[in-house]
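>>> Need coordinates for the following:
(one chain, ligands or ions: 1)
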Amino acid sequence: MIQMFHVYKAYPGDPPVLSDINLHVEKGEFVFLTGPSGAGKTTLLKLLFCGEKATKGQILVGGRNIARIRESAVPYLRRNIGVVFQDFKLLPQRTVEDNVAFTLDVLGVPRAEAREKVHRMLKLVGLEHKAGSYPLRLSGGEQQRVVIARALVNDPTILLADEPTGNLDPALTVEIMDLLNQVNIRGTTVMVATHDSTLLARYQKRTVRLERGFIVSDEDGVKAARRMMAV
Ligand SMILES: Nc1ncnc2c1ncn2[C@@H]1O[C@H](COP(=O)(O)OP(=O)(O)OP(=O)(O)O)[C@@H](O)[C@H]1O
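Presented below is the predicted three-dimensional model:
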């Protein structure tokens, strides 16, 4: 589903942010990306949906070489990728329903079909009753669930989430992570960037660790959790 071969990312004048990244993620996997602040987690996820371009190396997403993708083809790639990022905030002037429908509107999905999809997603995240509410009237956890519904509404094959529980208390963190787990069980390939070691220990998923732009370990869930508990 995702293959990265000798991928580098550097900004002019600085040492590489990512160096010689080799990573293969199978369809239906759940992968944590971890490492200290500045290690390159966000940048790696951005490369996968063409939010940034690699300086060097090959990246295949769903069999497509996205290192060479034309600008005009990027929206097509993104149809298959749901993104939960701090940069993509909910629109405060729009209702929950309209926020979730936004991507479908942009894609020109017929209104009745879009409404049906939006309601299915809001049901999945347990927020059907908040469809007419405005984001600022929701709790942090509810807002994040709307963001996840928005990311999933177009049935993407891949979900990329950058610190999806970053500002949430422990109970809401579990709620959001359980939701991502559920999404994964339904078949979506999920990658989650986090530096929260309690999440890694609790969910026991494959864990890829970055340090200063290099992958320093790539362990299955049980091994990764054991290491976390030993720290
Ligand atoms: N647009 C940019 N221009 C220059 N440097 C950048 C840019 N974006 C990111 N960087 C640098 O790339 C490095 C990796 O950043 P990145 O956000 O990927 O790390 P991270 O592991 O996600 O960190 P955090 O956990 O703090 O979010 C940092 O040193 C950052 O300063």
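>>> A39 against V216, yeah?
No. Using C-beta atoms under 8 Å, A39 makes no contact with V216, being 9.1 Å away. For every residue, glycine as well, the C-beta is placed using N, CA and C.
>>> Write out the residues of the chain neighbouring the ligand.
By the rule C-beta under 6 Å from any ligand atom, the part of the chain lying against the ligand is Y11, D14, V17, G35, S37, G38, A39, G40, K41, T42, T43, H195.
>>> which one is the fourth one nearest to, not counting chain neighbours?
Ranked by C-beta to C-beta, 6 or more residues apart in numbering and with sequence neighbours excluded, the top spatial neighbour of G35 is L210, at 3.7 Å.
>>> who's that neighbour bridged to?
L210 has the following beta-bridge partners by DSSP bridges: I215.
>>> correct me, but A225 touches L200?
Yes. Between A225 and L200 a contact is recorded at 6.4 Å, counting by C-beta under 8 Å.
>>> Look at the two and report which has more neighbours.
For A225 versus L200, neighbours defined as other C-beta atoms under 10 Å are more numerous around L200 (23 against 19).
>>> Work out for me the element F88 sits within.
Assessed by DSSP states H and E, F88 sits outside every helix and strand.
>>> what's the closest non-adjacent residue to it?
Among residues not flanking F88 along the chain, V147 sits closest, at 7.3 Å (C-beta to C-beta, 6+ apart).
>>> Correct me if wrong: the one you found contacts L91.
No. V147 lies out of contact with L91 (C-beta under 8 Å); the separation is 11.3 Å.
>>> So between those two, which is more surrounded?
Shown here are V147 and L91; by other C-beta under 10 Å, V147 has more neighbours (25 against 12).
>>> show me what contacts the more buried one?
If you count contacts by C-beta atoms under 8 Å, 6 or more residues apart in numbering, V147 has them with V84, F88, L90, P164.
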